[in-house]
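A.B. asks: Next comes the sequence, and after it the predicted model I'd like to discuss.
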Amino acid sequence: MSENTAYSALLTQAKAGEVYLNDEAAAFHMFKACDDRLADLQELLVVARRAQSVTGFGDFQIGKDLEKKFLLQATGDQNSIDAVMRKDIEAVQQLREVFSISFKRIAGKDIENANALDYVTEQVS
C-alpha cells in the first residue's frame with residue numbers, strides 16, 4: 001500500500017530528525033495508544049473479513065446480485081472495508097514509529113526497553 005500520505009511524510013521528517021515530540025511521557029503514552037489502536041483494528045479486520053462471505057439471500061438473481069454488492073463493499077475496491085482498514089492500520093503504524101523515534105531521541109533508548117525498565121522499577125519500588 002505505502003501511499004504518500006501526511007503520516008508517511010511525518011514519518012520521513014521524524015526519521016530525518018526534523019520533527020519529534022519533545023515530551024518523553026507523551027511520546028511513551030502515544031506509542032502505547034497506537035499499540036492499543038492497532039490491536040483494535042486487527043480485531044475489526046478479522047470481523048470485517050466475515051463480510052466477504054455473506055450468503056443466504058436466496059436462489060433468485062436479486063439475491064445473487066445482493067451477495068455481489070456485499071462482497072464488493074467487503075473487498076476488491078479502494079473504498080472496501082478491508083482496504084480502508086489496511087490504510088488505517090498503516091497510518092497508525094507510521095504514527096507509532098514517529099512516537100518511537102521521538103521517545104528514543106529524548107530518552108536515548110528504545111521504547112520497548114523503557115517499558116521493561118519501567119516494569120522492573122515498579123517491582124522494586
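C.D. replies: Looks like it arrived, so ask away.

A.B. asks: Please enumerate the helices of the protein.
C.D. replies: 6-15, 24-49, 61-74, 81-107, 111-124 (DSSP state H).

A.B. asks: right, so these: which one is the most enclosed?
C.D. replies: Sort the helices of the chain by mean neighbour count, taking mean count of other C-beta atoms under 10 Å, and helix 81-107 sits at the top with a mean of 18. C-beta: built from backbone N, CA, C; applies to glycine.

A.B. asks: quick one, which of the helices of the chain is nearest to residue 55?
C.D. replies: With C-beta to C-beta as the criterion, residue 55 lies closest to helix 61-74 of those, at 6.3 Å.

A.B. asks: Residue ranges in this protein under the pLDDT threshold?
C.D. replies: Low-confidence regions of the chain, defined by pLDDT under 70, span residues 1-2, 109-125.

A.B. asks: Relative to residue 11, how far out is the residue positioned nearest the centre of the chain?
C.D. replies: Against the mean C-alpha coordinate of the chain, by C-alpha atoms, centre = their mean, the closest residue is residue 89 at 2.7 Å. Applying C-beta to C-beta, to the nearest Å, the value for residue 89 to residue 11 is 14 Å.
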